[in-house]
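In: Just the structure for this:
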Amino acid sequence: MSRIGIIGGSGLYKIEGMEIIKKVAVKTPFGSPSDKFTVGRLENKEVVFLPRHGVGHRISPSQINYRANIFAMKKLGVERIISVTACGSLREEMKPLDFVVVDQFVDRTNHGRDMTFFDQGIVSHIVFSHPVCPELCAGIYSAGKTLNLNMHKSGTYINMEGPQFSTLAESKLYRSWGMDVIGMTNLAEARLCREAEICYSTLACITDYDCWYPEHGSVTLEMVMSNLQKNVDNAKKIISKVIKDLKSERTCSCQNALKFAIVTDRKLIPAKVKKNLSLIIGKYIK
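Out: Numbering: from 1, shown residues only. A predicted model of the protein is given here:
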């Protein structure tokens, strides 16, 4: 059973055109996910949808149970995840209503959230130099271009803590570092997907310039929300196109990311940990 997962960010709480088969509450060793999962069909493919912040946007970025979300996706047979996220731009050429297919991340979350499955009696050092799936990213970029949307093929996403936005000094610092877009959620998902051997890609939807921009004072919440809705509508079109064109078989290295990563002596891994992580490590550790 191979399914495509969709994680919806701010404004994306459902997918129109998706034939809903069922809604599922999934139990995990890491607690409860953000909400129930919607399992259905889109473009004749099996898909699983989850609103990252819960329906009604109830969960702050720092309080999202990322481990439960990704583990549950794995449990539901998901092999690829398209993550849609609203973000601010740190580059003038990356304009509001543009889309960025993120290819790098920088962490500024102060380690305020759990980002690994391997922290209780088992250690894994995953290769993460290229944190997203190149095949999935290429598909997203191609879909957006086909739809004549303003797409940026790559970009670095700086993951801040939140829920507050940046200070002006922080925003200027991130620009000096060469960051492109800023958000509060996607790095944890990318790390956990790599550990779970799930292909992952971020579709970053730019709603506004961050506070570094000279005309930022003229940006209103009404403008941001309007841009957010337009981005969400176009993001749904991109998702449908990507899913329609995706080949069923994966040829990327994401599917074998754990093969040489687990370093703990197999005899010393606690039985409970083996049981809890069997879904992820089972093909390497019996």
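
In: Show me what counts as buried in stretch 236-254.
Out: When burial is assessed from 16 or more other CB atoms under 10 Å, stretch 236-254 yields the following buried residues: 236, 238, 239, 240, 241, 242, 243, 246, 250, 254. Bear in mind the C-beta positions are built from the backbone N, C-alpha and C, glycine included.

In: closest to residue 105 among those residues?
Out: Minimum distance to residue 105 across the buried residues of stretch 236-254 is 15.5 Å, recorded for residue 254 (CB to CB).

In: Name the nearest residue to that closest one, sequence neighbours excluded.
Out: Excluding its sequence neighbours, the residue lying closest to residue 254 (CB to CB, 6 or more residues apart in numbering) is residue 199, at 4.5 Å.

In: who's in contact with the one you found?
Out: With contacts taken as CB atoms under 8 Å, 6 or more residues apart in numbering, residue 199 has the following neighbours: 79, 80, 81, 133, 135, 136, 193, 250, 252, 254, 255.

In: Now go through those residues and say which are in helices.
Out: Secondary structure defined by DSSP state H assigns 135, 136, 193 of these to helices.

In: ok, now which ones touch the last one?
Out: In other words, residue 193. Contacts of residue 193 were listed using CB under 8 Å, 6+ apart, and they are 70, 81, 199, 200, 254.

In: Not counting its neighbours along the chain, what's nearest the residue most central in space within the chain?
Out: Nearest residue to the geometric centre of the chain (CA atoms, centre = their mean): residue 83, 3.7 Å. Spatial nearest neighbour of residue 83, chain neighbours left out: residue 7 (4.5 Å); criterion: CB to CB, 6+ apart.

In: same thing with residue 69?
Out: Using CB to CB, 6+ apart and skipping the chain neighbours, the partner closest in space to residue 69 is residue 33 (4.8 Å).

In: Give me the number of neighbouring residues for that neighbour.
Out: Neighbour count for residue 33, taken as other CB atoms under 10 Å: 26.

In: so how far is the first residue of stretch 103-111 from its last?
Out: Here the two ends of stretch 103-111 are set 21 Å apart, with distance taken as CA to CA, to the nearest Å.

In: pLDDT weak spots in the protein?
Out: In the predicted model, the chain carries pLDDT under 70 at residues 1, 217-221.

In: Can you name the element that comes right after the longest helix anywhere in it?
Out: Ranked by number of residues, the top helix in the chain under DSSP H is helix 221-245. Taking DSSP states H and E as the definition, the helix or strand that follows helix 221-245 towards the C-terminus is helix 271-276.

In: No more questions from me, cheers.
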